[in-house]
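Q: Return atomic coordinates for the entry below.
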Amino acid sequence: MEKNWMELLGQQNQIKAVLKTNEYTTKCGLVLTEQDAIILSRGRKSALREQRRVEFGEGIIPKLIYAFADSPYINQDNYVQTLMELQDLFYRFKNEMNDEITDDELINFMKEQFDTICFGDLEYLGGACMEVFAEAIRAGYDDYHYSEGYGEYQKFDMVPRWDYQLFVKALEDLES
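A: Now for the predicted structure:
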């Protein structure tokens, strides 16, 4: 009985922390309802169980909300689902990176890639971007401590990116 009481209290604190983020996110056009906060809390519990992690306190969702709220790829329609997926990716890659990286470093890395390289594509973020970075960390790379997680992916990215000048040249070649 005590465990249920403690678990309920923890969930209520998580919900309060998530709802408090609305004070910030309304400026970005994003608002979570109490039902949304409950869904995110249940998602946290599921993600932690799946990744075999234990976490105390309000969880990572408030930090993810503050970091991602201004993303051009998040809107009210995809807000809750995107947060759920970001939360899952966060816990998965904390494990993949053997907890070598701090929460803030990982969130900074995720946000930068989500907005730039991935253009809001969570599959690409969790696939190519985070996999490559996790592999580098497992191999001993640790310069991300100095950059706080910013500007790291370019050091490992081997995928050629879209180049405007090359695109224009290809169009010109097609026309001739």
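
Q: which residues touch Ala37?
A: Gln14, Ile15, Val18, Leu19 (CB atoms under 8 Å, 6 or more residues apart in numbering). Quick note: C-beta positions are derived from backbone N, CA and C, even for glycine.

Q: What is the nearest of those residues to Gly59?
A: Gln14 (5.4 Å; CB to CB).

Q: correct me, but the closest one touches Arg44?
A: Yes - with contacts counted by CB atoms under 8 Å, Gln14 reaches Arg44, the gap being 6.9 Å.

Q: what sits in contact with each of those two?
A: Gly59, Ile61.

Q: How about the spatially most central residue of the chain, nearest residue that isn't a chain neighbour?
A: Per CA atoms, centre = their mean, the C-alpha nearest to the average position across the chain is that of Leu86, at 3.8 Å. Excluding the flanking residues, the one nearest Leu86 by CB to CB, 6 or more residues apart in numbering is Leu64, at 5.1 Å.

Q: mind checking the backbone torsions on that neighbour?
A: phi -60, psi -40 (degrees, to the nearest 10).

Q: from the contacts of Ala37, which single one is nearest Glu175?
A: Distances from Glu175 to these, taken by CB to CB, are shortest for Val18, at 53.3 Å.

Q: element containing the closest one, please.
A: helix 2-20 (DSSP states H and E).

Q: Beyond that helix, next helix or strand please.
A: Note on helix 2-20: by DSSP H and E, the next helix or strand toward the C-terminus is helix 22-25.
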